[in-house]
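1. Sequence plus predicted model, see below.
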Amino acid sequence: METLFLLRHGETAWNKNGRVMGRLEVPLNHKGILQAKRIAKIISRLKIDAVYTSPLKRALQTAKIVARGIKVPLTIDPQLTEVNFGRWEGRHFERLVHDKAYHRYMKSPLTTKVPGGETMSDVQKRGLAALRLASRDYPQGRLLLVTHGDVIRAILCHYLRLPLAQFRRLWIDNGSLTALEVSSPWPVCTFINYVPDITGVSYQAYAGLDPTQPK
């Protein structure tokens, strides 16, 4: 694998309403479908060799919209699924602020396991395991992973050599695309959190390259 693109799934009603989805199946809302269609137009220009996706419906819907436009293999990998938020799934974030376990998790997410769930260290390990398997199939490839915000943050921390405890400093919007050049000893993030606006004109990518422009 030479180039890695990371795409967060489009918006769902629960994203909008501030509810914890975790492993629960929540489909894209209308805005989320539009986000997937817009970013698919950008991805069609990026010469992707293969798409790997989380099995959860919101990610799989996004991946199928993208894959239709580029006609490449689409693989479902359970290791790319969302964080297991255990007993918090289905609850509103605003109500979790009264939960002592929530405060422990927010303070020490690497070692504190969500009640009935997993730690961020667990998330990073399985995300990187998925990448290793994909790289074996496409050692010189340009791969797209369609997954979830915290999975993307965990992968970015690894490649950019950031402490995983800082993962919340990386902002990843619904329907956003991030790119890494990973073939060199020092991986480079060429753009992060790229989101096309409603007209298809890009916002400025925070870290350099505009994927709508030719290299």
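-> Thanks, I have the structure now.
2. And what about Gln124, helix, strand or coil?
-> Of the three states, Gln124 takes helix under DSSP: H, G, I helix; E, B strand; the rest coil.
3. give me the number of residues near Gly18?
-> As a burial measure, Gly18 scores 12 neighbours (other Cβ atoms under 10 Å). Bear in mind the C-beta positions are built from the backbone N, C-alpha and C, glycine included.
4. Without its sequence neighbours, what residue ends up closest to it?
-> For Gly18, ignoring the flanking residues on the chain, the nearest one in space by Cβ to Cβ, 6 or more residues apart in numbering is Phe93 at 4.8 Å.
5. mind listing the helices in this protein by residue range?
-> Using DSSP state H, the helices assigned to the chain run over residues 13-17, 30-43, 57-70, 93-96, 100-107, 120-137, 149-159.
6. out of those, which comes closest to Phe191?
-> Evaluated with Cβ to Cβ, the helices of the chain place helix 30-43 nearest to Phe191, the distance being 10.7 Å.
7. Report the angle between the closest one and helix 57-70.
-> Computed by axes from the mean of the first three to the mean of the last three Cα atoms, to 10 degrees, the angle separating helix 30-43 from helix 57-70 equals 40 degrees.
8. Can you list the helices and strands that helix 30-43 packs against?
-> Applying 3 or more Cβ pairs under 8 Å, 6 or more residues apart in numbering; DSSP states H and E, one finds that helix 30-43 makes contact with strand 3-8, helix 57-70, strand 177-181.
9. Figure out which of the ones you listed is closest to Ile42.
-> Smallest distance to Ile42 across these (Cβ to Cβ): 6.7 Å, for strand 177-181.
10. ok and that closest one relative to helix 30-43, angle-wise?
-> Comparing the axes of strand 177-181 and helix 30-43 via the same axes, to 10 degrees yields an angle of 30 degrees.
11. hmm, back to that, ok now do the residue nearest to Gly18, which residues does it touch?
-> With contacts taken as Cβ atoms under 8 Å, 6 or more residues apart in numbering, Phe93 has the following neighbours: 18-20.
12. repeat for Asn15
-> Residues in contact with Asn15, defined by Cβ under 8 Å, 6+ apart, are 21, 32, 174.
13. can you rerun that using 10 Å?
-> 8-9, 21, 26, 28-29, 31-32, 58, 149, 173-174 (Cβ atoms under 10 Å, 6 or more residues apart in numbering).
14. before we move on, back to that, with respect to burial, which of the helices and strands packed on helix 30-43 scores highest?
-> Burial of those is given as mean neighbour count (mean count of other Cβ atoms under 10 Å); strand 3-8 ranks first at a mean of 25.
15. Show me how far that one is from its chain's centre.
-> 7 Å (Cα atoms, centre = their mean, to the nearest Å).
16. Fine by me, thanks again.
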